[in-house]
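**Student:** I need the structure of the sequence given here:
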Amino acid sequence: MRKLILSALDLAVIVTMAAAQIDFNIMGTGARARGMGGAFIGVADDATAVGWNPAGISQLDKMEASAVGLFANYKYSAEWNYSGTPGSWETSVSHIAPAFASFIFPTNVSQKNLVFGVAYQRLIDMAYGEKDKGTWSGGTWTYEETQKGGVDAITPALAFQITPQFSLGAAGNILILGAKSEADYNWSDGDFRHSETDWKYSGFDLNFGALVTTPKFNIGASCRLPFDLKENGDYKENRSIGGVAWDTSYSYPENTYNFPLMLGFGVAFKPTDKLTLAGDFEMRKYSNTNMKYNINGVDYTDTLNWVNCNQFRLGLEYVFSGPSAVFPVRLGFRTSPKTYKGGKGTFTNPDTAQVVGTVFTGGFGLIMGSVMLDLAAEYGMATNWDLEEAGATYTSKEKNLNVLASLIFHFK
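**Tutor:** This is a model prediction of the structure:
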């Protein structure tokens, strides 16, 4: 029983460290939208709509440029106690990154808005961090790994008012860039290993949107078609063992991830000119996602065992008006379903289920003439494992704090 519990404990630690670091649940960005919990499919009235609901940019009647920056901090921790001997593990990573930039150009055709746009956006943040240390028969060792970057997209977009109340839109995402990671092993006897990995991503996907607007209600829908994300990696390493040093380098075989159809629906209710209440629901069937690769002319397919992600988002915005400026205030909440499972109960028979976290958001803005400034913060938390049996306990959690800042300039 003790060996079984310790084996399960080791497995739980590995799962926490490996699976809980990168969130593949694609979502739009922008300080205004994220301050409202991401409930923006039915609102979609600024440039960031290209990621939430492309039809929404049809509501823009002036040329505008925008930029969004992101500060992100992710923390993962685990605590355990076996026969009165406690232990813990914690890792975190913080980084600053550009999240979005755009230029919007509205035109008029037969007295109906035809709006063109082009944007840069980060679809998947690949930030990752890990720090570990331990002992072995000859001394101690430390391990540290960091990764930054992500899957970015260049996004041309188009939206058209079919009628004054009904619009359609489309956006194409040209997937680019990638992530770079560095890892260091150091042993107390002077041995070491340093490695660097350069990941590159490519692909293309389309998302469509529809929006119905009325004086009190908006109803929106979005659809991201299935797409392939291709991944290539180059690895290099230098190490020294027993005073002997050597270098290694190679390229990983190309991996192709098959991402599923993603559907979203949103409603915005405006009981007054100053107050907006919004709610979204999105579905992503990640259980169909797999990874394909080729080694020496042989094709392989690995099932990733991801879990479907259904997400609820709620938000509100209230606008305070001053003599020379407008001050919007926002609050929001959303569930944060993960593509992986965790569990609670006993080590030998855990009750496994999808990990679903919660995220609380808030933000405010300042509108003065042609300039709009927005700031938003998100705080999320989730428990991955909570196990107990025969005097042994294990709990692992994750937390994250995101801060987004936006600047929008309207041309006269």
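
**Student:** what's the average pLDDT for the helix or strand hosting residue 228?
**Tutor:** For residue 228, the enclosing helix or strand under DSSP states H and E is strand 227-241. Across strand 227-241, the average pLDDT comes to 91.

**Student:** buried stuff in that strand?
**Tutor:** Residues 227, 229, 231, 233 are the ones in strand 227-241 that count as buried (16 or more other C-beta atoms under 10 Å). Where you see a C-beta, it was placed from the backbone N, CA and C, and this is true even at glycine.

**Student:** how much space between the residue lying closest to the third one once chain neighbours are set aside and residue 148?
**Tutor:** Ranked by C-beta to C-beta, 6 or more residues apart in numbering and with sequence neighbours excluded, the top spatial neighbour of residue 231 is residue 255, at 4.3 Å. Counting by C-beta to C-beta, to the nearest Å, the separation of residue 255 from residue 148 is 20 Å.

**Student:** what about stretch 234-247, start to end distance?
**Tutor:** Using C-alpha to C-alpha, to the nearest Å, one end of stretch 234-247 lies 14 Å from the other.

**Student:** thinking again about what came up before, can you name the residues bridging to the residue nearest to residue 231?
**Tutor:** residue 231, residue 293 (DSSP bridges).

**Student:** Give the burial count for it, as a bare number.
**Tutor:** By the criterion of other C-beta atoms under 10 Å, residue 255 has 18 neighbours.

**Student:** Next, the closest residue to residue 261 other than its chain neighbours: phi, psi?
**Tutor:** The shortest distance from residue 261 to any non-neighbouring residue, by C-beta to C-beta, 6+ apart, is to residue 226 (5.2 Å). Here is the backbone geometry of residue 226 (degrees, to the nearest 10): phi -60, psi 150.

**Student:** show me what contacts residue 226?
**Tutor:** By C-beta atoms under 8 Å, 6 or more residues apart in numbering, the contact list for residue 226 reads 258-261.

**Student:** same deal with residue 380?
**Tutor:** 336, 357-360, 399-402.

**Student:** Burial check on residue 317, number of neighbours?
**Tutor:** Counted with other C-beta under 10 Å, residue 317 comes out at 24.

**Student:** Is it within a helix or a strand, and which one?
**Tutor:** Per DSSP H and E: strand 309-321 holds residue 317.

**Student:** now do residue 355
**Tutor:** Per DSSP H and E: strand 350-368 holds residue 355.

**Student:** quick one: strands adjacent to that strand?
**Tutor:** Short version: by DSSP bridges, strand 350-368 pairs with strand 326-345 (antiparallel), strand 371-389 (antiparallel).

**Student:** Can you pull out the low-pLDDT segments for this structure?
**Tutor:** 1-22, 136-138 (pLDDT under 70).

**Student:** For it, which segments count as helices?
**Tutor:** With helices called from DSSP state H, the chain shows them at 2-19, 31-35, 49-52.

**Student:** Excluding chain neighbours, give the residue nearest to residue 120 in space.
**Tutor:** residue 101 is the one closest to residue 120 (C-beta to C-beta, 6+ apart), at 4.7 Å.

**Student:** so what's the one you found bridging to?
**Tutor:** Beta bridges link residue 101 to residue 67, residue 120, judged by DSSP bridges.

**Student:** so residue 184 makes contact with residue 196?
**Tutor:** No. Contact criterion C-beta atoms under 8 Å: residue 184 and residue 196 do not qualify, at 10.1 Å.

**Student:** Tell me, how many residues neighbour the closest residue to residue 351 other than its chain neighbours?
**Tutor:** Once flanking residues are discounted, residue 351 sits nearest to residue 345: 4.3 Å by C-beta to C-beta, 6+ apart. Using other C-beta under 10 Å, residue 345 has 14 other residues around it.

**Student:** any idea how far residue 386 is from residue 345?
**Tutor:** 8 Å.

**Student:** Quick one, which of the strands paired with strand 350-368 gets closest to residue 132.
**Tutor:** strand 371-389 (17.3 Å; C-beta to C-beta).

**Student:** quick one on the thing from earlier: elements contacting the strand holding residue 228?
**Tutor:** With contacts taken as 3 or more C-beta pairs under 8 Å, 6 or more residues apart in numbering; DSSP states H and E, strand 227-241 sits against strand 192-213, strand 244-251, strand 255-259.

**Student:** Serialize the ones you listed to CSV and add fields for distance to residue 44.
**Tutor:** Output for the helices and strands packed on strand 227-241, formatted as CSV (distance: least, C-beta to C-beta, whole Å):
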stretch, distance to residue 44
strand 192-213, 6
strand 244-251, 41
strand 255-259, 22
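
**Student:** Out of these, flag the one nearest residue 111.
**Tutor:** Once those are compared by C-beta to C-beta, strand 192-213 is nearest, at 16.2 Å.

**Student:** Mind giving me the packing neighbours of that closest one?
**Tutor:** Right, strand 192-213 is packed against helix 49-52, strand 139-163, strand 166-176, strand 178-187, strand 217-224, strand 227-241 by 3+ C-beta pairs under 8 Å, 6+ apart.

**Student:** buried stuff in it?
**Tutor:** Buried residues in strand 192-213 (16+ other C-beta under 10 Å): 192-193, 195, 197, 199-203, 205, 207-213.

**Student:** And for stretch 252-260?
**Tutor:** Of the residues in stretch 252-260, those buried (16+ other C-beta under 10 Å) are 255, 257, 259-260.

**Student:** Closest to residue 373 out of the residues you listed?
**Tutor:** Using C-beta to C-beta, these come closest to residue 373 at residue 259, 33.9 Å.

**Student:** distance of the spatially closest residue to the closest one that is not a sequence neighbour from residue 206?
**Tutor:** Using C-beta to C-beta, 6+ apart and skipping the chain neighbours, the partner closest in space to residue 259 is residue 227 (5.3 Å). To residue 206, residue 227 is 8 Å away according to C-beta to C-beta.
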